[in-house]
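Novice: sequence first, predicted model second:
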Amino acid sequence: MTSTASNHPSLSYPPVPRPVLRREIAGVSIPSQALTFSVRSTVKPVIDAWARAPHLPWPTGVVDRLAFPLKPVPGTHRHAVRLPSCRAEFLAAPGADGSTAILYLHGGAFLVCGLTTHRQMVSRISSAAGAPVLSVAYRMLPGHPIESAVEDGIEGLRWLIAHGYPAERIVVAGDSAGGFLTFQVTLEALRLGLGRPAGNVALSPLTDLDTRGKLAHPNSYRCALFPRRAVPALADVIARIDAAAGGPGPRAVSPVDADLTAMPPTLIQTGSEEMTYVDAELMAARLAGAGVHCELQVWERQVHVFQAAAGIVPEAGRAVASIGVFVRSLR
């Protein structure tokens, strides 16, 4: 009689690598080019100034407050949620049927942004996916280490579970630094036995706190948003805050270095010339190497987290629609 894995559940086998499903989306519209020019001309110089003196007491909270003109999709219902250590917001765009929920972790280099900056984009994702979203205003640098943000993401997951969404019906999503947290929260949920989320969605994710890959890539000169000096500056801030909190150090918390074999299906979107492109590509390769289904979408010359411009930039609208298709496919 031939033995099988089901006959011997104690046997374990290495994961079977699978190819990354890579899609390259060509075309750069006039609105997209205008957005890139605007970001390069206005936001990048501010980030460069911060990177020259990252330890000064910058008023990071003002970014979220200034985003008040950004409104959610008309008809979106939302209410405030209080998690043990931070605020959150539960919102549902028209058509969100509740069969699946999304846990969303905003970007902003672990330093800036919040519920207000991301409310419009999150509501668009809710509409495209037909799913309500819990958006978490996790604790950030410099007051708290990254591990605090991971803990807050876990509390958001617990809140959704307590309100009728088992982990298997929750998609964990985020952009930039929130993409980093997307993977870390999923890994922590698996470690804690909370269940495996239905999927992960990461937009322009940071996935590796080792700066060498990003600085060695040509995109470190091409990126419309981040100057080169911002990469080591952020790494230094993270390491300093982590050390002060008694944490394990930056390399210990990079998701690209984790055991990814139990991770759920993943969609990663990135611009072809942005700083975190190399991180997106590396994470996709590591997931595929662990036998995890991963779709990597590379959008030609789109700015970092261009999805936030849906409604203005055609490519952004198509990217959000693609997120919706992916989330719906997990039901």
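Specialist: Perfect, thanks for sending it.

Novice: what's stretch 77-95 in contact with?
Specialist: With contact meaning C-beta atoms under 8 Å, 6 or more residues apart in numbering, stretch 77-95 is reached by 72-76, 98, 115, 119, 122-124, 126-127, 130, 132-139, 148, 151-152, 155-156, 159. Using the backbone N, CA and C atoms, a C-beta is placed for each residue, glycine as well.

Novice: in strands, which of these fall?
Specialist: Assignment to strands by DSSP state E places the following of those there: 133-137.

Novice: isn't there a strand covering Gly174?
Specialist: Yes - residue state for Gly174 (DSSP: H, G, I helix; E, B strand; the rest coil) corresponds to a strand.

Novice: tally of neighbours for the nearest residue in space to it that is not next to it in sequence?
Specialist: Nearest residue to Gly174 in three dimensions, chain neighbours excluded: Leu105, at 3.6 Å (C-beta to C-beta, 6 or more residues apart in numbering). Neighbourhood size, Leu105 [other C-beta atoms under 10 Å]: 29.

Novice: flag the shaky bits of the stretch 1-150 of the chain, pLDDT-wise.
Specialist: Residue ranges of the stretch 1-150 of the chain with pLDDT under 70: 1-15.

Novice: do a quick rundown of the strands in it.
Specialist: 21-25, 77-82, 87-92, 101-105, 133-137 (DSSP state E, counting those that start in this stretch).

Novice: which residues sit against the fourth one?
Specialist: Which is strand 101-105. Looking at what lies outside strand 101-105 - C-beta under 8 Å, 6+ apart - the contacts are 118, 122, 125-126, 129, 131-136, 138, 149, 153, 156-157, 160, 165, 169-174, 178-179, 181-182, 185, 197, 201, 327.

Novice: among these, name the ones in helices.
Specialist: 118, 122, 125-126, 129, 149, 153, 156-157, 160, 178-179, 181-182, 185, 327 (DSSP state H).

Novice: buried subset of these as a PyMOL selection?
Specialist: A single PyMOL command selects the buried members of these (16 or more other C-beta atoms under 10 Å):
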select buried, resi 118+122+125+126+129+149+153+156+157+160+178+179+181+182+185+327
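
Novice: nearest to Ala285 among the ones in helices among the contacts of strand 101-105?
Specialist: Comparing these against Ala285 with C-beta to C-beta places Gly179 closest, at 15.5 Å.

Novice: so that closest one sits against Thr207, correct?
Specialist: Yes - the criterion here is C-beta atoms under 8 Å, and Gly179 meets it with Thr207 at 7.0 Å.
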